[in-house]
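Asker: Below are the sequence and a predicted model; questions follow.
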Amino acid sequence: MLYKDFKKATGSKLVEPVNLFFTEHNQDGYKSKPEFLDWISICTESQFNNVNDMFTFMRKKFKVTNRLTPKTDPKSGEDIIWVNFNLPNGTRNLPIPYDEGILRFLSDYQQAGLRFDADLDLLLAEAGFKLDESNSNL
């Protein structure tokens with residue numbers, strides 16, 4: 001619904017996914033570029049990999065099968081969003097660090113049929129992250 005409204009409002013037949021996601025391009029977007037970089041920068045390696053998988057599964061249009069609500073991780077005490085994707089060979093459950101904008105984004109994907117054809121690499125690049133030789137060995 002939001003995607004169609006955005007396309008209609010912009011008069012564009014093809015809206016780039018990053019223009020839908022970031023608030024700099026869309027007042028109803030989900031995160032600003034600096035907020036997105038701040039959110040992703042506090043992720044552990046496993047959380048980062050889960051976020052990467054989440055965007056990959058969304059690009060492949062896999063269905064989210066659970067009720068999306070923030071929960072507290074019993075191990076870390078951090079707020080997380082459990083996202084269960086229905087894959088062709090089973091279910092994949094991903095704990096994603098909680099963020100209000102990300103929760104709204106996931107809810108729109110699940111409930112409103114939001115189509116999102118961008119991966120984490122594209123979002124990071126659009127948000128201004130530049131991987132250079134000095135930090136590629138980190």
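Answerer: Noted; the coordinates are in hand.
Asker: need the helices for the protein, in chain order.
Answerer: Using DSSP state H, the helices of the chain run over residues 2-10, 17-21, 33-41, 45-59, 100-111, 120-127.
Asker: Nearest to residue 68 among those would be which one?
Answerer: helix 100-111 (5.3 Å; Cβ to Cβ). The C-beta positions use only the backbone N, C-alpha and C, and glycine is treated the same way.
Asker: Out of the helices of the chain, which one sits most buried?
Answerer: helix 17-21 (a mean of 21; mean count of other Cβ atoms under 10 Å).
Asker: just to revisit the earlier point, would you format the helices of the chain as TSV with mean pLDDT and distance to residue 85 included?
Answerer: Formatted as TSV, those follow (pLDDT from 0 to 100; distance: least, Cβ to Cβ, whole Å):
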stretch	mean pLDDT	distance to residue 85
helix 2-10	52	19
helix 17-21	74	18
helix 33-41	95	19
helix 45-59	95	5
helix 100-111	94	10
helix 120-127	89	15
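Asker: can you put those in CSV and add distance to residue 65?
Answerer: Output for the helices of the chain, formatted as CSV (distance: least, Cβ to Cβ, whole Å):
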stretch, distance to residue 65
helix 2-10, 21
helix 17-21, 22
helix 33-41, 24
helix 45-59, 11
helix 100-111, 9
helix 120-127, 22
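Asker: between these, which gets nearest to residue 92?
Answerer: helix 45-59 (7.1 Å).
Asker: now the angle from the closest one to helix 120-127?
Answerer: Interaxial angle, helix 45-59 versus helix 120-127 (axes from the mean of the first three to the mean of the last three Cα atoms, to 10 degrees): 100 degrees.
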